[in-house]
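Engineer: With the sequence up front, the predicted model follows.
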Amino acid sequence: MAENTKIEWCDHTFNPWIGCTKVSEGCRNCYAEALNRRHAWAGKPWRICGASGKTPIWGNDTAGRPIRARTSAAYWRGPLKWNRKAAEQAILAQGLRNCAALAVSPSAQRDADLYGHPRRPRVFCASLADWLDPNVPVEWLADLLRLWFACQNLDILALTKRPELWRERIELACGLAGEKAETDKNWSDWSDTWCILFDWLHGNPPANVWIGATVENQEMADKRIPELLKIPARVRFLSVEPMLGQVVCEDVMRRYGCGCRCHHSNDKNDLCGDGGIIEFPAIHWVICGGESGPHARPMHPDWARSLRDQCKAAGVPFFFKQWGAYWPDEPCGCFRKIKKSNPAGRLLDGVEHNEFPFSPSAQKFPPTPTASTPKGAPRKRAGAAGSSDAPDECAGGDTSFIKGGEKC
């Protein structure tokens, strides 16, 4: 299913930086930390925040300082290439839609039948970090957001264990984008970034960004789901992986709203009045999976079944990713070590669940109210050309980006 990654629910993974700090029980056997030990990423020629030489970049150093490593400039150009390829495929499909002789792959035909257009590539950001990590320089976050907004032909799946930090981090990035819009040579790109971030902070989210939270058990579900619901998003999703206990969240999968996706609260009286009161999903997608690795903890099948049934009752797409390192042998009431060749690795009660939400970037939505521009906001310079569709350079001005339409 995945083209450039082994993660079944996305087409690409992108890690703007590498490194994180453990914050909950789901982090105990962190696969990213294990990969870092195997590949020795700290020795790569990447910019390090808080470290030098070959200092391990996972967590904190011996003095308690957080260590993070930013990935290379060439690597950062990857999403721009994927974005151009997706745009070319969409244009080709549009132009040849009525051509009966067009030969398409079975997967492409299935996507066209399901969505009415070529499916937009899904990019998971970030599999080896947390994009809302407070120990990452805000300059890096601003560059990442600028890159996301330049890739309008991709759906960005932004997963975090820190949804409570969204407003604080986005406000910092918005402020920095406003400063760069006044002073940076690529001021036009930064002005566009500032506008998108300002709208997002005032309830109008970017359509190509999906926001997700990891909820490995009921404790984290009770803590993180309310914070996730505070984030304006066209698509919100839960990653219940590794699943370490039963998670009951059917009551928060749905909430009342006006139907225009204006992202008002659950209060029935807090509505914009554009479409009447209806009930619609507050969570649009759920991913479920067991833990893998040598120290994995088994996932009870009843936990996964319960989550599947909750999603079905709420009308929320359910994706079962894997059993993990152990497969439940229910006739004998035990768990068996799973092998990679075992075909039951992704089967729940004999069924492979591969459900996805529709991409809001490919749908027509009523306009969302946008806050007025405040006094002192960055403005386009008189006589300047329009903004480009891709950033020119990375934070600090030391990393070259390629304009959209040109080859990398």
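Structural biologist: Received the coordinates, thanks. The structure presented is a predicted model; accordingly, all values stated were derived computationally and were not measured. Numbers count the residues shown, from 1 in each chain.
Engineer: Domain boundaries for this structure, per the record?
Structural biologist: The domain map for the chain lists 1-19+29-52+64-195, 209-214+225-365, with the assignment taken from automatic domain parsing.
Engineer: and those domains as a markdown table, adding mean pLDDT?
Structural biologist: Below are those laid out as a markdown table (pLDDT from 0 to 100):
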| stretch | mean pLDDT |
| --- | --- |
| domain 1-19+29-52+64-195 | 81 |
| domain 209-214+225-365 | 79 |
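Engineer: Spatially, which residue comes closest to Ala87, not counting chain neighbours?
Structural biologist: Asn153 (4.6 Å; CB to CB, 6 or more residues apart in numbering). Where C-beta positions appear, they are placed from N, C-alpha and C, glycine not excepted.
Engineer: The one you found and Tyr326: what is the separation?
Structural biologist: 39 Å (CB to CB, to the nearest Å).
Engineer: Also Asn135?
Structural biologist: Taking CB to CB, one finds Asn135 at 33 Å from Tyr326.
Engineer: what do you get for Trp76?
Structural biologist: 37 Å.
Engineer: Which strand or helix spans Trp303?
Structural biologist: Using DSSP states H and E, Trp303 sits within helix 301-314.
Engineer: what's the angle between the helix or strand immediately after that helix in the chain and helix 301-314?
Structural biologist: Using DSSP H and E, the helix or strand that follows helix 301-314 towards the C-terminus is strand 318-322. Computed by axes from the mean of the first three to the mean of the last three CA atoms, to 10 degrees, the angle separating strand 318-322 from helix 301-314 equals 160 degrees.
Engineer: got the contact list for strand 318-322?
Structural biologist: Contacts to strand 318-322, defined as CB atoms under 8 Å, 6 or more residues apart in numbering, come from residues 7-9, 241, 285-290, 292, 304, 307-308, 311-312, 345-348, 352-356.
Engineer: what about 7 Å?
Structural biologist: 8-9, 241, 286-290, 292, 304, 308, 311, 345-346, 348, 353-356 (CB atoms under 7 Å, 6 or more residues apart in numbering).
Engineer: Whichever of these count as buried, I'd like them selected in PyMOL; how would that read?
Structural biologist: Buried subset of these, written as a PyMOL selection, criterion 16 or more other CB atoms under 10 Å:
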select buried, resi 8+9+241+286+287+288+289+290+292+304+308+311+345+346+348+353+355+356
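Engineer: Inside strands: which ones of the contacts of strand 318-322?
Structural biologist: Taking DSSP state E, the ones among the contacts of strand 318-322 that sit in strands are Val286, Ile287, Cys288, Gly289, Leu348.
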